[in-house]
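J.: could you look at this predicted model? Sequence included:
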Amino acid sequence: MDILQVLFSLKRSHKRLISVIVDAGFLILSFWFALFVRIDSLSVLVNPSFWLIIVLVAPLSVVAFVKLGLYRAVLRYMGIQALGAIILGVLASTVSLVFIGYFLDAGLPRTVPLIYAAFALVFVGGSRGIVRSAVGSGLKNIGEPVIIYGAGVSGRQLLTSLAQSHEYYPSAFVDDDETLQGNIIQGVHVHSPYSIKKLVNQKAATKVLLAMPSISRKARQEILSRLEPLSVQVLTIPAMADLVNGDKLYSDIKEVEISDLLGRDAVDPRVDLMTANVRGKTVMVTGAGGSIGSELCRQIIQQKPKRLVLFELSEFGLYSIEKELTAKVKDQGLDVEIFPIMGSIQKQNRLEAVMSSFKVETLYHAAAYKHVPLVEHNVVEGVRNNIFGTLYTAQAAIKAKVKTFVLISTDKAVRPTNVMGTTKRMAELALQALANEENNTRFCMVRFGNVLGSSGSVVPLFRRQIAAGGPVTVTHQDITRFFMTIPEASQLVIQAGAMGKGGDVFVLDMGESVRIVDLAEKMIRLSGYEVKNSETPDGEIEIQFSGLRPGEKLYEELLIGDDVIGTEHERIMTANEQFMPWSEYQVVLSQLDKACHEFDHQTIRDILLQTPTGFNPTDGICDLVWQQRQIKKAPSKDEIVVNLVS
């Protein structure tokens, strides 16, 4: 094995030279062995004609091997193409032996070429097989033992990729296909998935690599459910699209996507709806640097707009998304102009100037404060940004003659228990009121739940906590949430916006709600750990319940009432919601503006309770500035004593 390691550490040119010399030696041996077998006498060694034959045949044969590409094949990964080159090369060598022997009239027995061909195949081909096997057996015990789930093309490619490093060694294949079970692929046995628990123990495997990038999410979820109780880390290779595009390699294994655990297959977007408000148009996205806003931008440039205006308050967020999109436009050869614009949605004149200057035709309003506890602690800013910011953006759109305005709303706007959800419902009411006034802008709202991987999502938090060894914190053992991937949500937003007629409230089909504690347990087990609880006290990672945060609900809803109508898209519904006329809404806005200016939090809360938002707060006023003022207003102990005496 040490000799092999030395050989494999040589330069590629040196390896090829050694292969040529060794093959030439094997051909010479094959020739003399063939003569000895046929003539059975050492007298052949003194025949000068035989020496002349092999001196001419050997270099010609090596040239044939070179032309057939035998020396371009990497020995340890030699496949069927290299085997074909060996067979054709030996055939060419044998033919040259026959012709040279005939023209030299050397008296070569007729059966010698056949015997020669057999020896040459054994020596040239067999030697490579032996070395390949020796390398495989020598390397298989180096690295961390893993099991590859999927023995198809992707699994075999992954096996080849892993063989190039010593980080992992594949100890077994597992595959659902019964025709593959029992086979041996490059020295690795293929087993039934029902044997996986036994294999994990026998092979001391610490990881299972899921090599099935093309299967549906539902099928992937079933496999993950089977692997979850094993408490081994489950990793997966990139999606087939990334592999085909060359963006990823088979060796780029990563953690399982949480979307795989949900078992929800995204519906292919309809091209007509994706392009209707985007292709060839000037599109603007507010909050372009956020989780949803940035993904909207990525989806939009694929539909080839004329211009894309990125409107963002965060300098770093704007810089990041502008840099990413500019690179994509250049790499993909897209004819899209990107304009990074800094600004706040609370400044209507800035919004109007931007929309008018660029002649914006479609606007996606994703800018908002969305983190429930933070908005509870900063009520005035939440109201100013989410309600008045949306109103100012909508009024600027009307003045700038924007044709389509799409608001990104949330399931927290339904019977809200917190200020954030209430402000989003108030934003919806603003657009519904404006939609019933005389203007040329078509307003619609799209309401959906949590998106996986967003800045406020529990998933990245859980990953960090698991990586740190726990504990994993969940607010309540019964809390549930709807989840959707950011790309799917963004595609559906664009499609819903194309279907709006004016004042529409669209609701996305989020599938089944998920218990957060169940999600946490799955993530822990699929990371290779056991949950530590009363049933498994020896587990590694504990789940702790921290209690509901200010304004947080146990269950989220997507609809206020039951009056829901399906649309032409299977994942998009429309809801008939109660709304206020613009004349009434203006009065509420005036009162709310005055209360915010005076930091009168009790009045703010009263106004939000009186409007048709369904606001039902579970906590008192949590604004941090207001609470500090209340502490200062509270009488001291000395003041209380003086008052009692007097």
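T.: Nice, thanks for sending it over.
J.: contacts and neighbour counts: CA atoms only from here.
T.: Fine.
J.: count of residues packed around residue 56?
T.: Per other Cα atoms under 10 Å, the neighbour tally for residue 56 reads 13.
J.: show me what contacts it?
T.: Each residue near residue 56 by Cα atoms under 8 Å, 6 or more residues apart in numbering is listed here: residue 100.
J.: residue contacts, the nearest residue to residue 384 once chain neighbours are set aside?
T.: Leaving aside its sequence neighbours, residue 384 sits nearest to residue 346 (Cα to Cα, 6 or more residues apart in numbering; 7.2 Å). Contacts of residue 346 were listed using Cα under 8 Å, 6+ apart, and they are 384, 385, 388, 389, 392, 393.
J.: same list (the residues you listed) but as JSON lines, adding secondary structure and pLDDT.
T.: Formatted as JSON lines, the contacts of residue 346 follow (DSSP: H, G, I helix; E, B strand; the rest coil; pLDDT from 0 to 100):
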{"residue": "384", "secondary structure": "helix", "pLDDT": "96"}
{"residue": "385", "secondary structure": "helix", "pLDDT": "96"}
{"residue": "388", "secondary structure": "helix", "pLDDT": "97"}
{"residue": "389", "secondary structure": "helix", "pLDDT": "97"}
{"residue": "392", "secondary structure": "helix", "pLDDT": "97"}
{"residue": "393", "secondary structure": "helix", "pLDDT": "97"}
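J.: that older thread, helix, strand, or coil at the residue nearest to residue 384?
T.: coil (DSSP: H, G, I helix; E, B strand; the rest coil).
J.: need phi/psi at it.
T.: When read as degrees, to the nearest 10, the backbone of residue 346 gives phi -90, psi 0.
J.: circling back to that earlier point, between the contacts of residue 346, which is closest to residue 145?
T.: Comparing the contacts of residue 346 against residue 145 with Cα to Cα picks out residue 385 as the nearest, at 53.0 Å.
J.: ok, the residue nearest to residue 384 to residue 315 distance?
T.: Relative to residue 315, residue 346 is positioned 16 Å away (Cα to Cα, to the nearest Å).
J.: residue 533 now?
T.: For residue 533, the distance to residue 315 equals 45 Å [Cα to Cα].
J.: do the same with residue 152
T.: 47 Å.
J.: one more: residue 477?
T.: Distance of residue 477 to residue 315, computed by Cα to Cα: 38 Å.
J.: please apply the same query to residue 457.
T.: Going from residue 457 to residue 315 by Cα to Cα gives 22 Å.
J.: quick check: the residue nearest to residue 384 vs residue 582, distance?
T.: For residue 346 relative to residue 582 (Cα to Cα), the value is 20 Å.
J.: now swap in residue 332 and tell me
T.: Relative to residue 582, and taking Cα to Cα, residue 332 is found at 45 Å.
J.: who has more neighbours, the two?
T.: residue 582 (18 against 9).
J.: can I assume that one is in contact with residue 438?
T.: No - Residue 582 lies out of contact with residue 438 (Cα atoms under 8 Å); the separation is 11.0 Å.
J.: hmm, back to that, dump the contacts of residue 346 to a markdown table, plus distance to residue 605 and neighbour count.
T.: Below are those laid out as a markdown table (distance: Cα to Cα, whole Å; neighbours: other Cα atoms under 10 Å):
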| residue | distance to residue 605 | neighbour count |
| --- | --- | --- |
| 384 | 14 | 20 |
| 385 | 16 | 22 |
| 388 | 16 | 24 |
| 389 | 19 | 22 |
| 392 | 22 | 20 |
| 393 | 24 | 25 |
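J.: closest to residue 599 out of the residues you listed?
T.: residue 384 (11.6 Å).
J.: what's the spacing between that closest one and residue 275?
T.: Computed as Cα to Cα, the residue 384 to residue 275 distance reads 33 Å.
J.: again, but for residue 600
T.: To residue 275, residue 600 is 46 Å away according to Cα to Cα.
J.: compare the two and say which is more crowded by neighbours.
T.: Applying other Cα under 10 Å to residue 600 and residue 275 shows that residue 275 carries more neighbours, namely 19 against 14.
J.: quick one: residues contacting the more buried one.
T.: Residue 275 makes contacts with residue 303, as judged by Cα under 8 Å, 6+ apart.
J.: what does stretch 543-554 contact?
T.: Outside stretch 543-554, the residues that reach it (Cα under 8 Å, 6+ apart) are 372-373, 376, 417-419, 470-480, 520, 531-533, 617-619, 622.
J.: neighbours of residue 330, just the number please.
T.: Residue 330 has 11 neighbours, counted by other Cα under 10 Å.
J.: now it, what's its secondary structure?
T.: helix.
J.: and it, how far is that from residue 338?
T.: Distance of residue 330 to residue 338, computed by Cα to Cα: 11 Å.
J.: lowest-pLDDT helix or strand in the chain?
T.: Using mean pLDDT, DSSP states H and E, the weakest-scoring helix or strand in the chain turns out to be helix 240-245, at a mean of 51.
J.: how about stretch 355-375: buried residues?
T.: For stretch 355-375, the buried set under the neighbour-count rule, 16 or more other Cα atoms under 10 Å, comprises 355-356, 358-370, 372-375.
J.: what's the offset of the helix or strand hosting residue 36 from the middle of its chain?
T.: Applying DSSP states H and E as the criterion places residue 36 in helix 12-39. Offset of helix 12-39 from its chain centre (Cα atoms, centre = their mean, to the nearest Å): 51 Å.
J.: would you mark the buried spots in the helix or strand just after that helix?
T.: The helix or strand immediately downstream of helix 12-39 is helix 48-67, counting by DSSP H and E. Neighbour counts over helix 48-67 (16+ other Cα under 10 Å) mark 49-51, 53-54, 57-62, 64-66 as buried.
J.: and helix 48-67 with helix 12-39, angle?
T.: On the basis of axes from the mean of the first three to the mean of the last three Cα atoms, to 10 degrees, helix 48-67 is oriented at 140 degrees to helix 12-39.
J.: does residue 103 count as helix, strand or coil?
T.: Here residue 103 is helix, with the state taken from three-state DSSP.
J.: run the chain-centre distance for stretch 26-44.
T.: Its chain's average C-alpha position is 62 Å from that of stretch 26-44, according to Cα atoms, centre = their mean.
J.: meant to ask about stretch 606-624
T.: 38 Å.
J.: who touches it?
T.: Outside stretch 606-624, the residues that touch it by Cα under 8 Å, 6+ apart are 376-379, 413-419, 422, 425-426, 550-551, 578-580, 588, 591-592, 601-602, 627.
J.: now a ChimeraX select for only the buried ones of these.
T.: Entered in ChimeraX, the line below selects the buried ones among those, by 16+ other Cα under 10 Å:
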select :376,377,378,379,413,414,415,416,417,418,419,422,425,426,550,551,579,580,592,601
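J.: now, which of the contacts of stretch 606-624 lie within helices?
T.: Using DSSP state H, 376-377, 379, 419, 422, 425-426, 588, 591-592, 601-602, 627 are the members of these that sit in helices.
J.: looking at this, residue 615 is in a strand?
T.: No - read with three-state DSSP, residue 615 is coil and lies in no strand.
J.: quick one: the helices in the stretch 151-300 of the chain?
T.: With DSSP state H, counting those that start in this stretch as the criterion, the stretch 151-300 of the chain has helices at 153-162, 196-203, 217-227, 240-245, 258-262, 271-276, 291-302.
J.: neighbours of residue 571, how many?
T.: The local packing of residue 571 (other Cα under 10 Å) involves 16 other residues.
J.: repeat that for residue 185.
T.: 15.
J.: who's more crowded, residue 477 and residue 315?
T.: The neighbour comparison of residue 477 against residue 315 (other Cα under 10 Å) goes to residue 477, with 17 against 13.
J.: quick check, pLDDT for that one.
T.: Note for residue 477: predicted pLDDT of 88.
J.: how about residue 239?
T.: The model reports residue 239 with a pLDDT of 58.
J.: thinking again about what came up before, selecting buried members of the contacts of stretch 543-554 in PyMOL, what would you type?
T.: A single PyMOL command selects the buried members of the contacts of stretch 543-554 (16+ other Cα under 10 Å):
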select buried, resi 372+373+376+417+418+419+470+471+472+473+474+475+476+477+479+480+520+531+532+617+622
